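Enquirer: Mind folding the following:
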Amino acid sequence: MACRSGGLLPRAVLPALLLFAGCNEYDLVNANRVEPGDLPDIRVHPPTLTWPTLRSDEVELRTFTVENVGGTPLHVSDIEVAAGLGFSIVTDDLELELDTAQSAEIEVAFTPMGAHENFGRVLVLSDDGDTPEAPVDLLGDGAVPELQITPEDYVFADAFVPCGDAVPLQLKNVGVEDLIVTDLQYRSTGMLSLDISGVALPLTLGPGETTDVAVDFVPATIGADSGTLSVTSNDPRGVVDAWQSGESIYVSGEEERFTEPGIPPVDVLMLIDQSCSMEEDNIDDVELGMPDFVSTLQEVADWQLIQVTGDSGCSNQGVLTPASVGTSDLLVDGAFGGPEPQFYDGVYRTEKLLELASIALAQTGPGGCNEGFVRHGALLHVLVISDEPEQSGIDPSLWIEEYTAYAVSEDFVRVSAVVDLYAQCGTFGGEGYVEAASATGGAMLDICTPSWGPDFKDVAVSIGDGVRSYNLAKTPDPPSVEVVVNGVATTDFVVTGTAVTVMSPPVGPGDVVDITYNALADCPS
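Expert: Residues are numbered from 1 along each chain as shown. Okay, here's the model as predicted:
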């Protein structure tokens with residue numbers, strides 16, 4: 001019995017102890033439990049605010065209440081408009097500390113920013129663990145103009161340089177009142193542009209009415225561009241934007257090699273003084289030198305030529321080309337067989353050959369007597385033959401400036417002269433002509449030298465000397481062209497259409513010219 005009383009408890013006592021222990025555990029757990037009534041609990045009412053139909057610039061207020069229905073203070077950290085352009089909170093203090101059963105009123109203003117239904121939502125942010133963001137839905141109606149731009153965003157497909165594309169943009173009034181567009185602005189880096197042909201501002205569109213503008217994508221070179229159309233109107237939003245973007249690529253990259261010298265296109269304007277001394281002293285040399293001049297020209301240039309000996313500036317035979325028959329005979333016959341020269345201010349115009357060249361060039365356009373003579377990209381070579389000085393009284397540099405208007409640049413203009421170089425035939429020599437030839441790098445031949453005719457071919461040689469033109473297989477993008485002559489790069493060249501004319505260094509037989517470029521696409525018409 002002593003062992004039982006000191007070790008094991010009587011069986012009847014165990015249930016009572018277990019019951020006691022269970023009751024104590026239950027009481028301990030509930031001692032740490034927080035009842036719902038001991039927490040902050042937010043309530044917003046009404047859950048939805050509605051407004052009547054309002055017109056532009058009209059404003060009305062509505063109020064909702066934030067209340068703490070919990071047992072401890074509620075902390076509201078912020079109240080914000082989470083959605084809706086036309087809604088704003090006008091209550092100043094948006095951070096609140098609400099005790100139990102305490103509430104606050106929040107005012108919300110509505111002015112329509114779009115036509116018809118305007119939806120929005122306010123969120124009340126608090127430390128309510130169940131509803132940290134309590135919503136209040138907003139619904140108003142607008143009787144206002146509303147601009148819709150379609151498409152709002154547009155991405156052009158990749159385009160080959162220089163082919164373009166266009167996208168029409170529809171401006172539509174989807175509102176209730178007249179839409180008045182007062183300004184259209186476009187921003188881009190240059191490849192995208194706005195076409196508003198036929199649209200006059202201010203533009204009024206009634207409800208449901210539309211008008212179209214267009215955005216053109218014209219890639220002048222490789223690259224990407226993005227643009228923004230900004231439309232200002234009486235739409236309550238003020239300025240409405242639409243966005244476009246496009247990227248351009250080259251159709252191909254090309255490399256071409258030329259191992260023979262190219263043949264430059266040259267337009268030769270031959271002018272001959274018609275004074276009596278000229279015919280008497282030089283007709284034999286003209287007859288002797290003209291055949292070799294023409295045959296040499298045939299070898300060195302892709303030429304065409306007009307001969308002018310009359311005061312009108314019109315060609316004697318029309319435009320002569322390598323395909324013309326009997327060219328040298330025509331030039332000999334026309335050299336002194338034209339109409340009698342007339343006096344102008346006491347001087348024959350054919351003794352003002354730099355002036356006469358200007359008159360002839362002025363008649364190369366459509367309908368002119370020398371139509372078709374000037375070719376774009378060709379060298380313009382003015383060849384004067386006279387035993388007198390140039391008597392127009394105008395500085396030769398001014399005549400050269402006039403000629404440049406008919407060429408790609410001043411580098412494509414030359415004046416060559418068969419004149420009195422050393423004042424052996426007359427008092428003033430070839431004054432005026434010598435200066436023009438020197439300024440343009442043209443050839444000069446002394447007309448006072450006995451039997452100068454055989455040397456006339458040297459002038460023809462100089463016409464194509466040192467300048468070579470190469471026709472490429474495809475049309476290049478000029479900024480992409482690179483030229484290497486015998487392994488050395490040069491930047492002294494001119495690109496005209498598919499032709500690349502190398503100005504320097506001089507290119508001769510056996511020289512190797514490498515041209516690389518990006519090809520332009522053939523754009524559909």
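
Enquirer: From the contact counts, what lies against the longest helix anywhere in the chain?
Expert: Under DSSP state H, the helix in the chain containing the largest number of residues is helix 276-300. Under the contact definition 3 or more C-beta pairs under 8 Å, 6 or more residues apart in numbering; DSSP states H and E, helix 276-300 sits against strand 265-272, helix 327-335, strand 379-385, helix 456-464. The way it works is simple: take the backbone N, C-alpha and C, and place the C-beta from them, glycine included.

Enquirer: Export those as TSV, with columns for mean pLDDT.
Expert: Converted to TSV, the helices and strands packed on helix 276-300 look like this (pLDDT from 0 to 100):
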stretch	mean pLDDT
strand 265-272	95
helix 327-335	94
strand 379-385	95
helix 456-464	88
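
Enquirer: quick one, which of these is nearest to residue 513?
Expert: With C-beta to C-beta as the measure, helix 456-464 is the member of the helices and strands packed on helix 276-300 nearest residue 513 (15.3 Å).

Enquirer: Okay, now the sheet partners of the next helix or strand after the closest one, with direction.
Expert: Downstream of helix 456-464, the next assigned helix or strand under DSSP states H and E is strand 468-471. Strand pairing for strand 468-471, using DSSP bridges, gives strand 499-502 (antiparallel).

Enquirer: Would you mark the buried spots in the strand it pairs with?
Expert: By 16 or more other C-beta atoms under 10 Å, the buried positions in strand 499-502 come out as 499, 500, 501, 502.

Enquirer: Figure out the helix or strand that the nearest residue to residue 84 once chain neighbours are set aside lives in.
Expert: Sequence neighbours aside, residue 120 is the residue nearest to residue 84 in space, at 2.1 Å (criterion: C-beta to C-beta, 6 or more residues apart in numbering). Element membership for residue 120 (DSSP H and E) is strand 116-126.

Enquirer: following the longest helix of the chain, which helix or strand comes up?
Expert: strand 302-308.

Enquirer: Next one: residue 484 from residue 377, what distance?
Expert: With distances taken as C-beta to C-beta, to the nearest Å, residue 484 is found 21 Å from residue 377.

Enquirer: Which one of those two is surrounded by more residues?
Expert: Comparing residue 484 with residue 377 by other C-beta atoms under 10 Å, the one with more neighbours is residue 377, at 17 against 14.

Enquirer: what residues are up against the nearest residue to that one once chain neighbours are set aside?
Expert: Counting by C-beta to C-beta, 6+ apart, residue 377 lies nearest to residue 496, which is 3.0 Å off, once chain neighbours are set aside. Listed by C-beta atoms under 8 Å, 6 or more residues apart in numbering, the contact partners of residue 496 are 376, 377, 408.

Enquirer: In strands, which of those appear?
Expert: Among the contacts of residue 496, no member falls in strands (DSSP state E).

Enquirer: okay if I get the residues you listed as JSON lines plus distance to residue 418?
Expert: Output for those, formatted as JSON lines (distance: C-beta to C-beta, whole Å):
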{"residue": "376", "distance to residue 418": "28"}
{"residue": "377", "distance to residue 418": "27"}
{"residue": "408", "distance to residue 418": "26"}
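
Enquirer: From the residues you listed, pick the one nearest residue 79.
Expert: When these are compared against residue 79 (criterion: C-beta to C-beta), the nearest one is residue 408, at 71.2 Å.

Enquirer: what number of residues lie near the closest one?
Expert: 17.

Enquirer: for residue 182, same thing?
Expert: Residue 182, neighbours per other C-beta under 10 Å, totals 11.

Enquirer: now do residue 357
Expert: What residue 357 shows, counting by other C-beta under 10 Å, is a neighbour count of 24.

Enquirer: is it true that it lies in a strand?
Expert: No. According to DSSP: H, G, I helix; E, B strand; the rest coil, residue 357 belongs to no strand; its state is helix.

Enquirer: Tell me where the stretch 101-250 of the chain has strands.
Expert: 103-110, 116-126, 133-143, 147-150, 153-155, 159-160, 165-173, 179-187, 192-195, 203-205, 210-217, 223-233, 239-249 (DSSP state E, counting those that start in this stretch).

Enquirer: Save those strands as JSON lines, and put in mean pLDDT and distance to residue 448 too.
Expert: Converted to JSON lines, the strands of the stretch 101-250 of the chain look like this (pLDDT from 0 to 100; distance: least, C-beta to C-beta, whole Å):
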{"stretch": "strand 103-110", "mean pLDDT": "98", "distance to residue 448": "100"}
{"stretch": "strand 116-126", "mean pLDDT": "97", "distance to residue 448": "95"}
{"stretch": "strand 133-143", "mean pLDDT": "97", "distance to residue 448": "95"}
{"stretch": "strand 147-150", "mean pLDDT": "98", "distance to residue 448": "78"}
{"stretch": "strand 153-155", "mean pLDDT": "97", "distance to residue 448": "73"}
{"stretch": "strand 159-160", "mean pLDDT": "91", "distance to residue 448": "60"}
{"stretch": "strand 165-173", "mean pLDDT": "97", "distance to residue 448": "65"}
{"stretch": "strand 179-187", "mean pLDDT": "97", "distance to residue 448": "67"}
{"stretch": "strand 192-195", "mean pLDDT": "96", "distance to residue 448": "62"}
{"stretch": "strand 203-205", "mean pLDDT": "98", "distance to residue 448": "76"}
{"stretch": "strand 210-217", "mean pLDDT": "97", "distance to residue 448": "63"}
{"stretch": "strand 223-233", "mean pLDDT": "96", "distance to residue 448": "60"}
{"stretch": "strand 239-249", "mean pLDDT": "96", "distance to residue 448": "61"}
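
Enquirer: mind checking which of those strands is nearest residue 465?
Expert: Among the strands of the stretch 101-250 of the chain, the nearest to residue 465 by C-beta to C-beta is strand 159-160 (38.8 Å).

Enquirer: mind listing the helices for the stretch 301-450 of the chain?
Expert: Secondary structure of the stretch 301-450 of the chain (DSSP state H, counting those that start in this stretch): helices at 327-335, 353-361, 396-404, 433-440.

Enquirer: Out of the ones you listed, flag the one nearest residue 250.
Expert: helix 396-404 (31.9 Å).

Enquirer: May I have that closest one as CSV, with CA atoms only?
Expert: What follows is helix 396-404, C-alpha atoms only, in CSV (Å, rounded to 0.1, in the frame of the first residue of the first chain):
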residue,chain,number,x,y,z
PRO,A,396,33.7,86.1,-117.2
SER,A,397,33.0,84.7,-113.7
LEU,A,398,29.4,85.9,-114.0
TRP,A,399,28.9,84.0,-117.3
ILE,A,400,30.4,80.9,-115.7
GLU,A,401,27.9,81.3,-112.8
GLU,A,402,25.1,81.4,-115.4
TYR,A,403,26.4,78.2,-117.1
THR,A,404,26.5,76.4,-113.8
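
Enquirer: Show me what that helix packs onto, helices and strands only.
Expert: helix 353-361, strand 413-419, helix 433-440.

Enquirer: Tell me which of these sits nearest to residue 399.
Expert: Using C-beta to C-beta, those put helix 353-361 closest to residue 399, at 4.3 Å.

Enquirer: Can you spell out which helices and strands pack onto that closest one?
Expert: strand 265-272, strand 302-308, strand 379-385, helix 396-404, helix 433-440.

Enquirer: Which strands border the first one, and is each parallel or antiparallel?
Expert: It stands for strand 265-272. Strand 265-272 has these strand partners (DSSP bridges): strand 302-308 (parallel), strand 379-385 (parallel).
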